[in-house]
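>>> Here's a sequence, model it:
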Amino acid sequence: MKCAIITGGSRGIGRAICIKLAEEKNYHILINYTSNETAAKETLAKVEELGSTGEILKFDVGNAEETQKVLSEWQDNNPKAIVEVIVNNAGITRDGLFMWMPSEDWNSVINTSLNGFYNVTNFFIQKLLRNKYGRIINMVSVSGVKGTAGQTNYSAAKGALVGVTKALAQEVAKRNITVNAVAPGFIKTDMTQDFNEDELKAMIPANRFGEAEEVADLVAFLASKKSSYITGEIININGGIYS
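Okay, the predicted model is just below:
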């Protein structure tokens, strides 16, 4: 059984990625979520509607012990399963000006995005290397590439993932494992629902917010065999806002 794991897969871009990979029917879809079980079940139902298979894994990617425990139990229960695709999508925002930012807001954002990447990817990396095949896709952000005022913590977390992507890509390329990052701009999701779209789209050359499905199309390409000579790349998908 070949599998793809999507962290933060219950809603938004994560859900769109689960659905897109399910459409292609190459993988059993592992949908990770932390708190919204209803949303995770809805995503699984959509995956199954498409004739694909999947399951839900509840753990907080930022909690090393919990991640290790849940993934180890899953692996023990599915000894023949091989995870080929890892999409590190889980992330949170705690926006605010740096001068007033409590350490808790700094640490929680970095822990989820950056340590979450380590906890999940490190669990699978030796298996990918033995298998001599893999696709690791890190969801970053325009904030991690150019920096965004009011998001020093999020920009730091995503900027660190940019560095990780470039470094790890060089370590594992010989084993047919690619590591790339996707950097969305303003995409219509729960995370951006409070933004003033009319005001912000004036800044975007494409004059609109992106759709989660458009990001999912790019991720699905990077998760496929078609992208085998692309690695260590940060691909912006933002309607030209940062070009």
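>>> contacting residues around the one residue sitting closest to the centre of the chain?
The centroid of the chain falls nearest to residue 89 when counting by Cα atoms, centre = their mean (1.8 Å). By Cβ atoms under 8 Å, 6 or more residues apart in numbering, the contact set of residue 89 is 6, 7, 8, 9, 13, 14, 17, 139. Backbone N, C-alpha and C define where each C-beta goes, glycine included.
>>> quick one, phi/psi of it?
Backbone torsions of residue 89, given as degrees, to the nearest 10, read phi -110, psi -20.
>>> next structured bit after the helix or strand harbouring residue 170?
Per DSSP states H and E: residue 170 is located in helix 152-172. Once helix 152-172 ends, the next helix or strand along the chain (criterion: DSSP H and E) is strand 177-184.
>>> Contacts for stretch 25-33 next, please.
Counting by Cβ under 8 Å, 6+ apart, 1-10, 14, 18, 21-22, 39-40, 43-44, 47, 50-59, 61, 74, 81, 83-85, 90, 120, 224 sit against stretch 25-33.
>>> Give the buried residues for the helix holding residue 170.
152-162, 164-166, 168-169, 172 (16 or more other Cβ atoms under 10 Å).
>>> quick one: contacts of the helix or strand containing residue 236?
Using DSSP H and E, residue 236 sits within strand 234-237. Outside strand 234-237, the residues within contact range by Cβ under 8 Å, 6+ apart are 140, 142, 145, 162, 165-166, 180-185, 210, 214-215, 218, 222, 242-243.
>>> Of those, keep whichever come out buried.
By neighbour count, with 16+ other Cβ under 10 Å, the contacts of strand 234-237 hold 140, 142, 145, 162, 165-166, 180-185, 210, 215, 218, 222 as buried.
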